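Visitor: sequence? don't have it. structure:
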């Protein structure tokens, strides 16, 4: 689930961005595989080192770092008793030079004997080794200065080669008609002349090669054969002396190998911390405060993958704080499509992962608690390979989340309950939030369901939030406001864009109808009330007495048992989906809530779709879905003791469908 979370929150992209600031391939891979720290002291130390490195970076500029890929190969070769070649020795010298510059760089920003600057103390000064290598190796070759014997051999080789050139140039001048070229040609390290085929017999010597056409023979004349042989002998001596120098320098490097390894470890550590510092500078980020409480506070946060100049800063609070978050463990965000709800969700999750990984946060202020897991369901998740629909994918992930989340988890749910029938989706969303509230984890969810707004408002530990919308310009403002529920604005937008008012009104009636606030409190029963009582005896504002369940009995040949509260049903012939809020009465009428409006429907027209037992836990409080705030409070009070004078006010009547 960790890899899935990283991908959904785009933390993997941040790690790729972070790795791009490193030089060492080993550190690049380490940064790409960076995981959140679970130890608080360790995490605070890593955040502090990022902060120190950033301060050094801002004071002294970019540090002298370089790739160490070649050096890793050199260490492996020496572990196998190999001999270093001139290029490898030059790489060792270059690395030592980089270490010396880094030591001086850190010395300029030294703030004591601890922290990032103090890493400079662990870097060994290997100036003498570097000077010896530079003396012996130049331009990828062993230099004449490496040994007096080598210098002497090379002088003899040079003198002999000059003699050969003089003899061959003389031959070219005296027999110019015999040659196809008027210059000396080197073939396999030997001096030759390009002789025309018809004059081959006139130039005595050894044939080194023949042209493709066969018209030219490259011959080493006998006159220089003896000198050439002496050159070959001297070259063998040169190779032996070069190998002596390489062996000596390799042994010298091996003598300092432990010090070199210490320097490599120091430079890799610095590469790691300065990569984090460079990311912080690029993102204009700040070090997060790690809280012992379950807190998330973001002030002016900017999602790092959005344009710096266009992203709207995010202010967000959740957890055990006493300011705007009101100590809530959960935030339910509502608002228009494309209003930025998902961006908020991703920003909160991404920042949490970044903070717990020792990274700075692109915000003006950031406070985060530590979480054992960040669990999320974001995106449609449709899988062709697994033949999962969007809804099935959501539910599969949420089931895993419910089975995994605990008090130390952060849970992020996007468009909770979407992808299915609205009534059923709303019911599931409410149940899921209820279960998560019980775990006492931190939860942030986005939704369109108005019932969820009511649930968040009435549930301890939850708070509503909305994405603001500019009604004048019909533009989302991408700004989060905690404490208020949002609205979809679809009807308003349609009206502003020119849809006739009559159509808007009809759409509103279809969507909302006349909402009834008379609900069934848990522990009490309205089933004994007939449809006649409901339609004629109970008028708007009229009080009715609530009776206990054991005071009433059902009539009608067992019709009351045909449906259960919370059953998902289909009403025919319209084939409308709804939820049962009242069992079948003695007249055969069952109460069904369809699109937030309550109807009484003849039981013969109602078909069971999914029983409540498969949708909700046994002890689920259906008043969350069907009841009003006032009746819920009354029901809660009546649940404590029987009060014959307690009444509920029914604000709207039910309709016969």
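Guide: That came through, no problem. It should be emphasised that the depicted structure is a prediction, and the values quoted were computed from it without experimental measurement.
Visitor: in the stretch 1-150 of the chain, what spans have low per-residue confidence?
Guide: Counting by pLDDT under 70, the ranges of the stretch 1-150 of the chain that qualify are 1-2, 110-114.
Visitor: Please, which helix or strand holds the residue lying closest to residue 289 once chain neighbours are set aside?
Guide: Distances taken as Cβ to Cβ, 6 or more residues apart in numbering put residue 367 closest to residue 289, at 4.6 Å, once the chain neighbours are dropped. All C-beta spots, glycine's among them, are computed from the backbone N, C-alpha and C. Using DSSP states H and E, the element containing residue 367 is strand 365-368.
Visitor: Let me see the mean pLDDT of that strand.
Guide: What strand 365-368 shows for mean pLDDT is 96.
Visitor: after it comes which helix or strand?
Guide: Per DSSP H and E, the first helix or strand lying C-terminal to strand 365-368 is strand 373-377.
Visitor: Tell me the helices and strands packed up against that next one.
Guide: helix 2-8, helix 341-356, helix 390-404, strand 409-413 (3 or more Cβ pairs under 8 Å, 6 or more residues apart in numbering; DSSP states H and E).
Visitor: now for the ones you listed, which one comes closest to residue 261?
Guide: helix 341-356 (31.1 Å; Cβ to Cβ).
Visitor: average pLDDT for the closest one?
Guide: Here the average pLDDT along helix 341-356 is 94.
Visitor: Between strand 373-377 and it, find me the angle.
Guide: 160 degrees (axes from the mean of the first three to the mean of the last three Cα atoms, to 10 degrees).
Visitor: Residues contacting whichever strand or helix holds residue 607, please?
Guide: Residue 607 belongs to strand 606-610 when assigned by DSSP H and E. Defining contact as Cβ atoms under 8 Å, 6 or more residues apart in numbering, one finds that strand 606-610 is touched by 424, 563, 567, 568, 569, 570, 571, 572, 577, 580, 590, 592.
Visitor: Now restrict those residues to buried residues only.
Guide: Among these, those scoring as buried are 424, 563, 567, 568, 569, 570, 571, 577, 580, 590, 592 (criterion: 16 or more other Cβ atoms under 10 Å).
Visitor: tell me the contacts of the third one?
Guide: With contact taken as Cβ under 8 Å, 6+ apart, residue 567 is in contact with 579, 580, 608, 609, 610, 611, 612.
Visitor: Residue ranges of each domain in this protein, please.
Guide: 2-126+256-283, 148-229, 289-511, 531-656 (automatic domain parsing).
Visitor: Of all the ones you listed, which one comes closest to residue 132?
Guide: Residue 132 lies closest to domain 2-126+256-283 among these, at 9.0 Å (Cβ to Cβ).
Visitor: Distance from that closest one to the middle of the chain?
Guide: Chain-centre distance of domain 2-126+256-283: 22 Å, with Cα atoms, centre = their mean, to the nearest Å.
Visitor: go on, stretch 434-451?
Guide: 23 Å.
Visitor: okay, how far is it across it, tip to tip?
Guide: 13 Å (Cα to Cα, to the nearest Å).
Visitor: Same question for stretch 439-447.
Guide: Terminal residues of stretch 439-447 are spaced 20 Å apart (Cα to Cα).
Visitor: Mind giving me the packing neighbours of whichever helix or strand residue 509 is part of?
Guide: For residue 509, the host element (DSSP H and E) is helix 501-511. Where contact means 3+ Cβ pairs under 8 Å, 6+ apart, helix 501-511 is packed against helix 490-496.
Visitor: The helix it packs on - what's its average pLDDT?
Guide: Helix 490-496 comes out at a mean pLDDT of 70.
Visitor: burial measure for the closest residue to residue 115 other than its chain neighbours, as a count.
Guide: Residue nearest to residue 115 in three dimensions, not counting chain neighbours: residue 52, with 5.0 Å by Cβ to Cβ, 6+ apart. Neighbourhood size, residue 52 [other Cβ atoms under 10 Å]: 21.
Visitor: SS state for residue 52?
Guide: helix (DSSP: H, G, I helix; E, B strand; the rest coil).
Visitor: Residue 368 contacts residue 354, correct?
Guide: No: judged on Cβ atoms under 8 Å, residue 368 makes no contact with residue 354 at a distance of 9.0 Å.
Visitor: Can you pull the residues that touch both of those two?
Guide: With Cβ under 8 Å, 6+ apart, residue 368 and residue 354 have common neighbours residue 288.
Visitor: before we move on, back to that, tell me which residues in the strand holding residue 367 are buried?
Guide: 366, 367, 368.
Visitor: Pick the one among those residues closest to residue 33.
Guide: Nearest member of the buried residues of strand 365-368 to residue 33, counting by Cβ to Cβ, is residue 368, at 21.5 Å.
Visitor: Could you pull up the residues touching that closest one?
Guide: Contacts of residue 368 (Cβ under 8 Å, 6+ apart): 288, 289, 290, 291, 295, 296, 297, 351, 352, 355, 356.
Visitor: from the residues you listed, which single one is nearest residue 627?
Guide: Residue 627 lies nearest to residue 296 out of these, by Cβ to Cβ, at 31.6 Å.
Visitor: in its sheet, what does the strand holding residue 607 sit against?
Guide: Using DSSP bridges, strand 606-610 pairs in its sheet with strand 568-571 (antiparallel).
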